[in-house]
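Asks: Below are the sequence and a predicted model for it; my questions follow.
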Protein chains: 2
Amino acid sequence: MLTVEDILHAIEDGGYRATGSRRRLLETLAARGEGFTAEELVGEVRGVGRATVYRTIRLLLRQGLLCKLTLQDGAPRYSLSRVGHHHHVVCVRCGAVRDFRQSVIERILKDLEVGEGSAVVGHRIEVYVVCPGCREAGVATSPTAATG
Amino acid sequence: MLTVEDILHAIEDGGYRATGSRRRLLETLAARGEGFTAEELVGEVRGVGRATVYRTIRLLLRQGLLCKLTLQDGAPRYSLSRVGHHHHVVCVRCGAVRDFRQSVIERILKDLEVGEGSAVVGHRIEVYVVCPGCREAGVATSPTAATG
DNA sequence: AGCATGAAAGATACTCAGTATCAATACTTG
DNA sequence: CAAGTATTGATACTGAGTATCTTTCATGCT
Ligand SMILES: [Zn+2]
Ligand SMILES: [Zn+2]
Ligand SMILES: [Zn+2]
Ligand SMILES: [Zn+2]
């Protein structure tokens, strides 16, 4: 997992400035690490405005330093990125995020290109779970809703 | 693919009424079929209010008659559902949607449960493409952005 | 250290997607 | 047809994010 300093360096390498606001934001963000909303950040980091929070998120997304993922209902959520292509396992209760990668799946999705006549330009995979902690604490989960 | 009558019957079977607004909405929606936004529907169906369009969308989603999918940037899009669990291939240019299913992937994602200690409650897979039509008409595509 | 310059920040207004409220209307059933 | 409930429309509102515009900060130069 990337550290605050790693990220600030990456920002500078991209030709942007490592400012105080960005540092404070990154520290807040790193303290959460796995799974948070933009508004949570806005609420938690003090002395940094809403617009700056969103601008920084956009910057980090562009640099590939942050992941934007989608809950079952479409609600957005962010997670610090690890290097390289990967996907996410998200707890539908607490929003905790875990990364994963399965080269088999990558190969299968790449092969879709052939049967399709279309150029594949990307994909998204999200796996929704109830994590062990939430399972203990919680009531019964409704089964997989029709995703399609 | 489901017809308007199929869907109206399913609505009635769910204990809801097959009203004129719902019929008109479904006809507009079926004419598009593959890939549209809620606001496009609002604009295209006449004599049906915004709130009703969104309410009907929500109803159809609950009944599994409609799919809500997510573009690369997180923008929402809808598509008439086919029966059973499946995923989507979406053109990033025109928004056309094609369904697909790969039992291999289903099995792999189910196995994640084991390595995870968590109960898998669902997943989402979206494959982003430039469809043949758009590829002809268009400029060069930027390669897969960091999805993670 | 002092200053010029452009990047970044703050405030605010705005857009887009979707929900809540509530009075008016349309279905259904007796 | 009347009563009662589901549905609708209008409108206001929330949540997520962007645009604009003025002020402030970081940098590099002297
Ligand atoms: Zn992948
Ligand atoms: Zn579908
Ligand atoms: Zn699946
Ligand atoms: Zn990630």
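Replies: In hand now; what should we look at? Ligands and ions are numbered 1, 2, ... in the order given.

Asks: So residue A:37 sits against residue A:76, correct?
Replies: Yes. Contact criterion Cβ atoms under 8 Å: residue A:37 and residue A:76 qualify, at 7.1 Å. To be clear about C-beta, it is placed using only N, CA and C from the backbone, and glycine gets the same treatment.

Asks: Between the two, point out the one with more neighbours.
Replies: Set side by side, residue A:37 and residue A:76 show more neighbours around residue A:37, with 15 against 12, by other Cβ atoms under 10 Å in any protein chain shown.

Asks: got the contact list for the more buried one?
Replies: Listed by Cβ atoms under 8 Å, 6 or more residues apart in numbering or on different chains, the contact partners of residue A:37 are A:75-78, A:95.

Asks: Buried ones among the residues you listed?
Replies: A:77-78, A:95 (16 or more other Cβ atoms under 10 Å in any protein chain shown).

Asks: okay if I get the residues you listed as a markdown table plus secondary structure, pLDDT and distance to residue A:121?
Replies: Output for the buried ones among the contacts of residue A:37, formatted as a markdown table (DSSP: H, G, I helix; E, B strand; the rest coil; pLDDT from 0 to 100; distance: Cβ to Cβ, whole Å):
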| residue | secondary structure | pLDDT | distance to residue A:121 |
| --- | --- | --- | --- |
| A:77 | strand | 96 | 23 |
| A:78 | strand | 97 | 22 |
| A:95 | coil | 92 | 28 |
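
Asks: need these in JSON lines with distance to chain B, can you?
Replies: Formatted as JSON lines, these follow (distance: Cβ to the nearest Cβ, whole Å):
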{"residue": "A:77", "distance to chain B": "10"}
{"residue": "A:78", "distance to chain B": "11"}
{"residue": "A:95", "distance to chain B": "13"}
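
Asks: DNA strand D: which of those is nearest?
Replies: Using Cβ to the nearest atom of the strand, residue A:78 comes nearest to DNA strand D of these, at 7.7 Å.

Asks: Tell me the bridge partners for that closest one.
Replies: residue A:36, residue A:68 (DSSP bridges).
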